[in-house]
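Participant: What follows is a predicted protein model with its sequence.
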Amino acid sequence: MDTENLKQAPETVEPEAQASAIQHEDVALKTAFRYFADVLLPYFGIKGKAVGIAATELVHLDVKVFHEDFNFDMEDGSCAHFEFQSTNEGLEDLKRFRVYEALYSYQHKVPVTTYVLFSGKIQKPMAEFTEGVNTYRVVPITMQSRNADQVIRELQEKQECGGELTKEDLVPLTLCLLMGGDMSQKDRVEEAYRITRGAGSVGQDEQDKIEAVLYIMADKFLESAEKKELMEAVGMTELGQLLVNRGIEQGIEQGSEQEKIKIAKNLIGTLDEKMIAEKTDLPLKTVLELKKKAAIPMA
């Protein structure tokens, strides 16, 4: 087992703070994939086109419950299953992925390939193991092997030469805080905003989605003082305001059920349902009904 990158968080980090940080990162990654699966799948070298987000019901095995991270129905009839990992638990994780993959394949009668996106400082994760006569493997995607400085520099040069940036050019910026490179996290976010807002050929809706993911990432990776400087430097879109606690709390303080529902509607597709319910003080049932009515399609 590769133990080089186990337990990335420092021992001084409080468990609650560590869990909150991991949840933030998980939400950001899921939001990015929900919005931009059509770009991110080929960006990570995954062949074939995703035609929809697959079933999300729970898979049961005796008393254990396995929650999938993200499933995509592919045009060839297979399923691409994504796991997002900020720690590398090696064999234990692989065995869990194997169980879920086998159960999902059996229940839905489709072949499943599991892709594991590793963030943090993980560079050489364990990707396969042999047990009995069978070898199980996943397809690892390590964010640290990608260079944020290079991604940003290439887009800067394209803009400076008068080239039009496309959605495919901009989407990798949503993950730049997870990549390797020498630029500070604050500089990465600021430059990502500058590039995105200078891309006039990309519609406002797509720009808002990119900024939404960047806000969630920045909320995890930047210190309070840095976030304040960022807010002053880049300004805040209406969507961005709804993604930080200050804006959410202001709406909640008004005490209006209508205000809470308005905020919840804006957060659907960006945060998970439980987090929306907690932030808006709405019943989870209400949030689920709002999501059902919204019927957000995959980007």
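Facilitator: Happy to help now that I have it. All figures in this text were calculated on a predicted structure; none of them were measured in a lab.
Participant: residue ranges of the helices in the stretch 101-250 of the chain, please?
Facilitator: 148-160, 167-170, 185-197, 204-221, 224-234, 238-241, 245-253 (DSSP state H, counting those that start in this stretch).
Participant: Go through those helices and name the closest to residue 80.
Facilitator: helix 167-170 (18.6 Å; Cβ to Cβ). (Glycine included, C-beta is placed from N, CA and C.)
Participant: Show me what counts as buried in that closest one.
Facilitator: 167, 169-170 (16 or more other Cβ atoms under 10 Å).
Participant: Would you format those as JSON lines with distance to residue 136 included?
Facilitator: Below are the buried residues of helix 167-170 laid out as JSON lines (distance: Cβ to Cβ, whole Å):
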{"residue": "167", "distance to residue 136": "35"}
{"residue": "169", "distance to residue 136": "36"}
{"residue": "170", "distance to residue 136": "36"}
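Participant: Now flag whichever of these is closest to residue 213.
Facilitator: residue 170 (10.8 Å).
Participant: re earlier: mind giving me JSON lines with the buried residues of helix 167-170 and columns for pLDDT and distance to residue 94?
Facilitator: Shown next, in JSON lines, are the buried residues of helix 167-170 (pLDDT from 0 to 100; distance: Cβ to Cβ, whole Å):
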{"residue": "167", "pLDDT": "92", "distance to residue 94": "34"}
{"residue": "169", "pLDDT": "93", "distance to residue 94": "34"}
{"residue": "170", "pLDDT": "93", "distance to residue 94": "34"}
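Participant: picking that back up, same list (the helices of the stretch 101-250 of the chain) but as JSON lines, adding distance to residue 43.
Facilitator: What follows is these, written out as JSON lines (distance: least, Cβ to Cβ, whole Å):
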{"stretch": "helix 148-160", "distance to residue 43": "10"}
{"stretch": "helix 167-170", "distance to residue 43": "8"}
{"stretch": "helix 185-197", "distance to residue 43": "15"}
{"stretch": "helix 204-221", "distance to residue 43": "14"}
{"stretch": "helix 224-234", "distance to residue 43": "24"}
{"stretch": "helix 238-241", "distance to residue 43": "23"}
{"stretch": "helix 245-253", "distance to residue 43": "31"}
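Participant: Any idea which of those has the lowest pLDDT on average?
Facilitator: Note on these: lowest mean pLDDT is at helix 245-253, with a mean of 45.
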